[in-house]
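Q: I would like the atomic coordinates for the input below:
(chains A, B, C and D)
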Protein chains: 2
Amino acid sequence: MTRQATTRDPEQTRLRIMEAATDLFVEQGFSSVTMSQLASAAGVTKSLIHHHFGSKEKLWEAVKEHAFAQYFSAQMAMLEEAGEPDAELLRASVEAYFHYLKANPKAVRLFAWTHLEGDTSCGDMDAQLMGAGAEWVRQAQQRGLLRADVNPTHVVAIFVMTCTQWFEAKCHHQHWPGMGNDEAFLEDFLKIFMAGAAPRD
Amino acid sequence: MTRQATTRDPEQTRLRIMEAATDLFVEQGFSSVTMSQLASAAGVTKSLIHHHFGSKEKLWEAVKEHAFAQYFSAQMAMLEEAGEPDAELLRASVEAYFHYLKANPKAVRLFAWTHLEGDTSCGDMDAQLMGAGAEWVRQAQQRGLLRADVNPTHVVAIFVMTCTQWFEAKCHHQHWPGMGNDEAFLEDFLKIFMAGAAPRD
DNA sequence: ACGTTTATTGACCGGCCGGCCAGTTAGCAG
DNA sequence: CTGCTAACTGGCCGGCCGGTCAATAAACGT
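A: Okay, here's the model as predicted:
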């Protein structure tokens, strides 16, 4: 158990607020969540949230920044532990990205809300990841491991966007007739994607 | 010019409200739009909106239903005017879908909002379209025009999801380094997708 | 032991929210 | 012209919104 608040612990309190806020914002988006909701979900008063975060907007920013930072470091770690480019590593990267999103549905929804808001605060972070991914594809192309007649950035974008949309819009397409489960879809996507990205004979 | 309202025209008024509401909801989502905003954007009073639509929620439902109906009929028309299955027709379908989304950014955003809301009211409509698309792919597979070792529904889902995400998250990835414009991306996607969906040699 | 700081509370605020309602006016059937 | 229906308006309401503030109490330096 986490310690009961017989004694004060501002950092713990900040964390409790952030966690409750993350859950609520992820579920409902920014504007339909109220401070009262946030306060009761975190087990604190509204005033305390203002004391720690200043305003509802600033809390939202803090939640997003925290989630983006986690996403960024997780992705960077995955990129760095990837070894030398080869074709199987592309498959492994797609699988790793897919399973990361599956394990982090809150991050997926948070991204979706920020897409709609037009928030570009995570732009630099995203650009850095995408740059690294595209560079990796470019090297694989030069070694003849992937077809060289496509923009490397587009190659990464295609699998990132497919994985993202799979989880973002799951509530929609999980009811489509004949649609398989996560693993079945991933398998079929990989068949098509890997064959399509292979060098032309 | 549309006629000035020297004379009353309830249908025209309903339409004006729907159009203004569509623009606002598409831009900001449901909860951050206020009735006052809607009223002034439509050039009517709040009460009149209530008179015609009952409540803010019902107006939102009406906007969604209208947009989905348009989407549905447009897609059905595209499916029906497609001829016999062949490999080039798959390319044409992807291009048609991509350009439809490009020409209807409001529909794209409306879909995104409903994804996040978990709204499944367009489920039957979607299922019908997807069923038709998958059936089309199945026939192409039986004729040896497409690889037969993948779920037909997944084939359709892959290109639908990629196109959707391209436009839904455009504010994000348009700043990624090396990312091309709409047509360049579509071309690269088609290279990979068509090659990957082709029969195995 | 004693200030100082700061985490925390509850009461409170002006304003706007969605919605309602009584009243007015345009269209329309007879 | 006369009712009647329905489109349309302005004013208003109770309630909740995000936010403030003075008061309290726990932690902490000295």
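
Q: use CA for all of it now, contacts and neighbours both
A: Noted.

Q: for the longest helix seen in chain A, packing partners?
A: Longest helix of chain A, by residue count under DSSP state H: helix A:56-81. Helix A:56-81 sits against helix A:10-28, helix A:105-117, helix A:123-142, with contacts defined as 3 or more CA pairs under 8 Å, 6 or more residues apart in numbering or on different chains; DSSP states H and E.

Q: of all those, which one comes closest to B:Gly118?
A: helix A:10-28 (9.7 Å; CA to CA).

Q: rounded mean pLDDT for that closest one, please.
A: On average, the pLDDT along helix A:10-28 is 97.

Q: what residues does chain A have near DNA strand D?
A: A:6-9, A:31-37, A:46-47, A:50, A:54-57 (CA under 7 Å from any atom of the strand).

Q: just the buried residues of these.
A: By neighbour count, with 16 or more other CA atoms under 10 Å in any protein chain shown, the residues of chain A next to DNA strand D hold A:33, A:35, A:46, A:56 as buried.

Q: elements contacting the helix or strand of chain A with the lowest mean pLDDT?
A: Least confident helix or strand of chain A, by mean pLDDT, DSSP states H and E, is helix A:170-173 with a mean of 90. Secondary-structure packing of helix A:170-173 (3+ CA pairs under 8 Å, 6+ apart): helix B:105-117.

Q: how is chain A carved up into domains?
A: A:1-54, A:64-197 (automatic domain parsing).

Q: pick the most deeply packed of those.
A: domain A:64-197 (a mean of 18; mean count of other CA atoms under 10 Å in any protein chain shown).

Q: now find how far off-centre it is within its chain.
A: On the basis of CA atoms, centre = their mean, to the nearest Å, domain A:64-197 sits 9 Å off its chain's mean C-alpha point.

Q: need the distance between the two termini of it.
A: Using CA to CA, to the nearest Å, the end-to-end distance of domain A:64-197 comes to 34 Å.

Q: over to stretch A:49-61?
A: This stretch, stretch A:49-61, spans 14 Å end to end (CA to CA).

Q: likewise stretch A:26-46?
A: Taking CA to CA, stretch A:26-46 runs 19 Å from one end to the other.

Q: show residues contacting it.
A: The contact list for stretch A:26-46, computed with CA atoms under 8 Å, 6 or more residues apart in numbering or on different chains, reads A:16-17, A:19-21, A:24-25, A:49, A:56, A:60, A:106, A:109-110, A:113, B:31-32, B:116-117.

Q: ok, stretch A:74-88 next?
A: Residues outside stretch A:74-88 that contact it (CA under 8 Å, 6+ apart): A:89, A:96, A:129, A:132-133, A:136-137, A:139-140, A:145-146, A:198.

Q: again, only using 6 Å
A: With CA atoms under 6 Å, 6 or more residues apart in numbering or on different chains as the contact definition, stretch A:74-88 has outside contacts at A:140, A:145.
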